[in-house]
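K.L.:
Pasting the sequence and the predicted model now:
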Amino acid sequence: QVHLVESGGGLVQAGGSLRLSCKASGRTDDHYGLGWFRQAPGQKREFVAAISWAGQTTYYADAVKGRFTISRDYAKNTHYLEMTALRPEDTAIYYCAALDPLSGNDYEGDEYDYWGQGTQVTVSS
């Protein structure tokens, strides 16, 4: 089992920045891929970004490429989503997730094994 807790959400003006953190506990020694998803009101949950266990490969949704950066700190069992040039359409609840390697490597799908509780990001215009 892996337990994930997000933090760092909040209210920011358009053009501003936020950094989300996702702290993992439990079986953190396994080779999990890590991802971020978001869900806006009335919308389906969508993929935002992901990073492979080795950190060598990152994936981004087209809507956030060039503005968001995903990274991980193995020593702290934490991964991050650095968000810059935020837009009102980035407003959503952001969820972090962990993908067990036994479940495959579809980092952009939503078949992750563990999910955090979500953190609200609101971007005002």
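P.N.:
Nice, thanks for sending it over.
K.L.:
Residue nearest the middle of this protein, spatially speaking?
P.N.:
Averaging the C-alpha coordinates of the chain gives a centre point, and the residue nearest to it by C-alpha atoms, centre = their mean is residue 36 (2.1 Å).
K.L.:
any idea of the pLDDT on that one?
P.N.:
Residue 36 is assigned a pLDDT of 97 by the prediction.
K.L.:
start the count at 22, not 1, going forward
P.N.:
Sure, I'll start numbering at 22, so the last one becomes residue 57.
K.L.:
how close does the closest residue to it other than its chain neighbours get to residue 131?
P.N.:
Sequence neighbours aside, residue 69 is the residue nearest to residue 57 in space, at 4.3 Å (criterion: C-beta to C-beta, 6 or more residues apart in numbering). For the C-beta atoms, the positions are set from N, CA and C on the backbone; glycine is no exception. When C-beta to C-beta, to the nearest Å is applied, the distance between residue 69 and residue 131 equals 11 Å.
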